[in-house]
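Participant: Provided below are the primary sequence and the corresponding predicted coordinates.
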Amino acid sequence: MMGSGGGMVRPVDRSTTTVADRRADDGRAVVDGLRVVRPRGSSQAAVMLQLFVVAAFVFPSDTVVRIIGAQGYLASLIALVLFLAWAVTALLGLHDPIHTRYPIRGALGLLWICTLLSYAAMPLFSPDATQRLSADRWILLLLGMSGVILVAAEHLRDPTDLLRVIRTLVWGAAFSGVVAVFQFWFLWDLKPLLRLALPGFEVNSSYGSFQGRDALVRVTGTSIHPIELGVTAGMLLPLAIWLGINDTGRSPTRRWLPVGLIGMCIPMSVSRSAILAVGVAVVVFAVCLPARQRVWLFAFAPVAVAGVFATTPGYLRTILNSFTAGTEDASITNRLDNYPRVVALVREAPWLGRGGGTFLPADATRILDNQYFKTAIEMGIVGLVALVLYFLIPAVAVLQVRARAKEPELRSLCAALAGACLAAALGAYTFDGFSFAQFASVHAVVVGLCATCWLAVRRWPAEVGIRQAMMTPTTQRRTATPLPPREMSS
């Protein structure tokens, strides 16, 4: 028989086992006297996604295989393997992608269509060899992002595996926070040591780990740029808080330490984009929380902000100056000067653009620092619309899931993911996010988790949810009671 969660259902003898014994058996649960076995492939998908997340956060994203170029980053290579695995399992009939439908895949498909159309139109503008290679790298990036999203959506079919990926994502960001702490407080960079674990890889970035802003040092963690560090941390902070609140099967230290480390990345990046991203993500998350949790979160927020200002002398003045400098700030001036240049370039190829990835400014002053502008030039107005939908549809979809879900933990998880998606959408306006491997990797995982939640409300039985997945065997034994004997028919 098939269970409503997509896994095999087998009869169980309830006379000799307890709920704890059955649920603790690595992803199995009992629903109305039937044992629901973890769906085939879900555990393997979780392991592959965990490897991807670890590679994205532990190994510096500017360390690549030289012959491949920017997409030779270890996490990108794993993402390509994920896409290949998804394609092979679909071709072999191990899962049914045709009848597994969700709106996020539609947004991804639209982005692919626009990418291929712009790629086909690229020869009309006589690209040079460097631009053609960059266009190929964009295709590879999109393949990798697609692999992560599709595997997360269509193969993570058990709440235990979903939780494993989220925990790895949060702890990966916390590790980057540890590297950032050493950089910010001790001016010691761990990234050269981390690169030693990747023989055959080379540094492919001109950015350093330390940058100055007024009297403060901006750091990067394991990312390439302080903005990337700050925006990524802002996206993931609500997920870390969600684990801190709900993952009660773990000790308070294991639950809340990642929150502190990820939260510290925001001030250590000394980035306006990071503040905007975390503001959007946390507000969306908090508004959707139950009233009691919302009150605690808003009560603690001023304490956290005061702690940042108290431990980082000059931070408040630096941030206020960066927001109020206006045209005296060279960064703001350059962004304002970009508008007429972008309009002129878009007019030359208004609909399909010049080809994804082909906008390569001659010098740093021409960098757009805006993913929407970059996409408008490369893929035209049609591609820009596709990009906006790619950013927004996951947030809308996961908020719809929240409205339908009954489990409080799943509802608040959807709120955290929606906040992360909207923070990424805002961050893409303040820097060219897809030019930075760690941001692109994390965003792909978040979008994939949104799709997992969309399908979860249809796949999982009510008794097999996030709350049960968070219960450790110890907790279960403490709350379990033997069930009376009952005859079962197969």
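Facilitator: That came in fine, so what should we check first?

Participant: For the stretch 251-400 of the chain, which segments are assigned as helices?
Facilitator: Using DSSP state H, counting those that start in this stretch, the helices of the stretch 251-400 of the chain run over 252-269, 272-287, 291-311, 315-324, 330-348, 371-404.

Participant: In JSON lines, list those helices along with mean neighbour count.
Facilitator: Where C-beta positions appear, they are placed from N, C-alpha and C, glycine not excepted. Below are these laid out as JSON lines (neighbours: other Cβ atoms under 10 Å):
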{"stretch": "helix 252-269", "mean neighbour count": "21"}
{"stretch": "helix 272-287", "mean neighbour count": "21"}
{"stretch": "helix 291-311", "mean neighbour count": "12"}
{"stretch": "helix 315-324", "mean neighbour count": "15"}
{"stretch": "helix 330-348", "mean neighbour count": "13"}
{"stretch": "helix 371-404", "mean neighbour count": "21"}
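
Participant: quick one: which of those helices has the weakest pLDDT on average?
Facilitator: For the helices of the stretch 251-400 of the chain, mean pLDDT drops lowest on helix 315-324, to a mean of 71.

Participant: Counting by contacts, list what that helix packs against.
Facilitator: helix 272-287, helix 291-311 (3 or more Cβ pairs under 8 Å, 6 or more residues apart in numbering; DSSP states H and E).

Participant: Go through the ones you listed and name the closest to residue 346.
Facilitator: Nearest of those to residue 346, taken as Cβ to Cβ: helix 272-287 at 23.4 Å.

Participant: Check which helices and strands that closest one is in contact with.
Facilitator: helix 226-246, helix 252-269, helix 291-311, helix 315-324, helix 408-430.

Participant: Can you redo these as JSON lines, where the extra columns are distance to residue 76?
Facilitator: Shown next, in JSON lines, are those (distance: least, Cβ to Cβ, whole Å):
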{"stretch": "helix 226-246", "distance to residue 76": "15"}
{"stretch": "helix 252-269", "distance to residue 76": "22"}
{"stretch": "helix 291-311", "distance to residue 76": "33"}
{"stretch": "helix 315-324", "distance to residue 76": "32"}
{"stretch": "helix 408-430", "distance to residue 76": "18"}
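
Participant: ok so, going back, can I get the helices of the stretch 251-400 of the chain in TSV with distance to residue 50?
Facilitator: What follows is the helices of the stretch 251-400 of the chain, written out as TSV (distance: least, Cβ to Cβ, whole Å):
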stretch	distance to residue 50
helix 252-269	15
helix 272-287	23
helix 291-311	28
helix 315-324	34
helix 330-348	37
helix 371-404	21
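
Participant: So in the protein, where's the weakest helix or strand by average pLDDT?
Facilitator: helix 19-23 (a mean of 37; mean pLDDT, DSSP states H and E).

Participant: what are the ranges of the strands in the stretch 51-200 of the chain?
Facilitator: 63-64 (DSSP state E, counting those that start in this stretch).

Participant: follow-up on the earlier one: closest one to residue 337 among the helices and strands packed on helix 272-287?
Facilitator: So among the helices and strands packed on helix 272-287, helix 408-430 is nearest, using Cβ to Cβ, at 15.7 Å.

Participant: ok now the closest one, how far from the chain's centre?
Facilitator: Helix 408-430 sits 9 Å away from the centroid of its parent chain (Cα atoms, centre = their mean, to the nearest Å).

Participant: Pull that helix out as CSV, backbone CA atoms only.
Facilitator: Taking Å, rounded to 0.1, in the frame of the first residue of the first chain, the C-alpha atoms of helix 408-430 are listed here in CSV:
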residue,chain,number,x,y,z
PRO,A,408,2.5,25.6,14.1
GLU,A,409,6.1,24.7,13.5
LEU,A,410,5.5,24.3,9.7
ARG,A,411,3.7,27.6,9.6
SER,A,412,6.5,29.5,11.3
LEU,A,413,9.1,27.7,9.0
CYS,A,414,7.2,29.0,6.0
ALA,A,415,7.3,32.5,7.5
ALA,A,416,11.1,32.2,7.9
LEU,A,417,11.6,31.0,4.3
ALA,A,418,9.3,33.8,3.0
GLY,A,419,11.4,36.4,4.9
ALA,A,420,14.6,34.8,3.4
CYS,A,421,13.2,35.0,-0.2
LEU,A,422,12.1,38.6,0.2
ALA,A,423,15.5,39.6,1.7
ALA,A,424,17.2,38.0,-1.3
ALA,A,425,14.9,39.9,-3.6
LEU,A,426,15.9,43.2,-1.9
GLY,A,427,19.6,42.2,-1.7
ALA,A,428,19.6,41.6,-5.5
TYR,A,429,18.7,45.3,-5.9
THR,A,430,21.8,46.4,-3.8
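
Participant: thinking again about what came up before, the helices of the stretch 251-400 of the chain: which one's closest to residue 147?
Facilitator: helix 371-404 (15.4 Å).

Participant: and the direction of that closest one versus that of helix 272-287, what angle?
Facilitator: Angle of helix 371-404 versus helix 272-287, following axes from the mean of the first three to the mean of the last three Cα atoms, to 10 degrees, is 10 degrees.

Participant: got the angle between helix 371-404 and helix 330-348?
Facilitator: 90 degrees.

Participant: tell me how far helix 371-404 is from the chain's mean position?
Facilitator: How far helix 371-404 lies from its chain's middle: 15 Å, per Cα atoms, centre = their mean.

Participant: same thing with stretch 199-207?
Facilitator: Mean C-alpha position of stretch 199-207 versus that of the full chain (Cα atoms, centre = their mean) differs by 23 Å.

Participant: Compute the first-to-last residue distance for that stretch.
Facilitator: Chord length of stretch 199-207, first to last residue, is 21 Å (Cα to Cα, to the nearest Å).

Participant: List the contacts of that stretch.
Facilitator: Outside of stretch 199-207, the residues within contact range by Cβ atoms under 8 Å, 6 or more residues apart in numbering are 60, 62-66, 69-70, 72, 74, 195, 220, 224-225.
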